[in-house]
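# Need a 3D model of the sequence below.
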Amino acid sequence: MSARRIAVWIALFFALTPLAAFAADRPSLPPDAKRPLPVRLALRVLNIAELNQVAGKARLALEITLRWTDSRVAYDELKVGAPRVDRIGPEAEDYVKGIWTPGLTIENQISPTQTRTLAISTYATGDVTMVDRFEADFRIAPDMSGFPFDRQSVPLTFYLRHYAKADAALVVSEADRNLSTLPVTMTALNWRALGLSFAYEHAKGWNARDYQGVEATIRLERLSNRFLLRILVPIGAALLISIFVMWMPGLSSKDKGGLVVSALLALTALSFTFENSFPGSISLNSPVAKIISLAYLYLMLVLLADSLLGGPSENAASRYRGLAGELRRQLRWAMPAIMLVLCAAILLRSAAV
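Numbers count the residues shown, from 1 in each chain. Next comes the predicted model:
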């Protein structure tokens, strides 16, 4: 045998060994079950412990219920003396090692399961119900463009890792949807749950076969009322400074410039605070970013208008004293009013979306 042929055989051996191991490890489907074998899925979200938008992850406590039928676990009810046998904890974990299970996986899970509790019930008819409770981290893609009136989605994509959709398929019936619930209260601060929806997903596997999955989407809403004070601060600061600049008598141009520059620096610091606490709230086109940008522009326009109109209105020899004085009096009311209306419109439009 030539050296080239030996090298080819060695390469084939190492290439096929993982596939052979995978095939050997793959559990066999119930022999008399129809194809595709329906595996019913129900999901209870027990708690949303954390929603970390900086890291793009959510920590969830879940209870996943799977139901299927396998005649190999059926038994004589008269001999056992019960129509159902329940196993919980270590007993259930030992039992599932010797029977067929669907091999459910969650595609966007990024941490090992923690505080896991397994329970399994087998019926004399061969029906199996497996309940898996655990806590883990899941990858999310937060959108901060509507902050603080934003709504976030936490997807959970379920697949049967061993079986194409021609062999086994996840099914979410109306009864399973009714069993799927969200927590009334959660550990994650400043959020409330809106709803839970299911959609079927399809994908191509490594073997070019079609795989069918289910995507459960948890919809959350930020409690925006807890952030209104932080939003009203830049609005109030900008309006207060403009009132001082345009209404307070005896202020020199230097004093007015110092007040506006100080307010601009305070807005800059506030922007950094928001962006550090809620990444994306300022860098994206969010309502907070719009209001702070508008406050920048407003304060500069106030200083510019007062500087241009202040000199002629206070100079008795100026031919434009009357016109400048009247414009200054009108702008004292008009500019704060326009600023207040624009900010209110931004907030109302964002809250209504």
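# Tell me where the stretch 51-200 of the chain has strands.
Ranges of strands in the stretch 51-200 of the chain, per DSSP state E, counting those that start in this stretch, are 57-69, 84-88, 104-106, 114-123, 127-139, 151-160, 168-171, 191-204.
# For stretch 200-217, which residues meet the burial criterion?
211, 212, 213, 214, 215, 216 (16 or more other CB atoms under 10 Å). To be clear about C-beta, it is placed using only N, CA and C from the backbone, and glycine gets the same treatment.
# Can you get me the start-to-end distance on that stretch?
In stretch 200-217, first residue to last residue: 11 Å (CA to CA, to the nearest Å).
# okay, now residue 93: neighbour count?
When neighbours are counted by other CB atoms under 10 Å, residue 93 registers 15.
# Roughly how far does residue 177 sit from residue 219?
15 Å (CB to CB, to the nearest Å).
# How about residue 297?
According to CB to CB, residue 297 stands 35 Å off from residue 219.
# separation between residue 102 and residue 28?
Distance from residue 102 to residue 28, by CB to CB: 12 Å.
# helices or strands up against the helix with the most length in the chain?
Under DSSP state H, the helix in the chain containing the largest number of residues is helix 321-352. Contacts defined by 3 or more CB pairs under 8 Å, 6 or more residues apart in numbering; DSSP states H and E place helix 321-352 against helix 228-247, helix 287-314.
# Now render those helices as a markdown table, adding mean pLDDT, distance to residue 326 and mean neighbour count.
Shown next, in a markdown table, are the helices and strands packed on helix 321-352 (pLDDT from 0 to 100; distance: least, CB to CB, whole Å; neighbours: other CB atoms under 10 Å):
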| stretch | mean pLDDT | distance to residue 326 | mean neighbour count |
| --- | --- | --- | --- |
| helix 228-247 | 78 | 14 | 18 |
| helix 287-314 | 83 | 8 | 19 |
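# out of the ones you listed, nearest to residue 203?
helix 287-314 (36.7 Å; CB to CB).
# same for that closest one, what does it pack against?
Using 3+ CB pairs under 8 Å, 6+ apart, helix 287-314 sits against helix 228-247, helix 253-277, helix 321-352.
# Any idea how far that helix is from the middle of the chain?
Between the centre of helix 287-314 and the centre of its chain there are 38 Å (CA atoms, centre = their mean, to the nearest Å).
# now it against helix 228-247, angle please.
10 degrees (axes from the mean of the first three to the mean of the last three CA atoms, to 10 degrees).
# relative to helix 253-277, how tilted is helix 287-314?
Angle of helix 287-314 versus helix 253-277, following the same axes, to 10 degrees, is 180 degrees.
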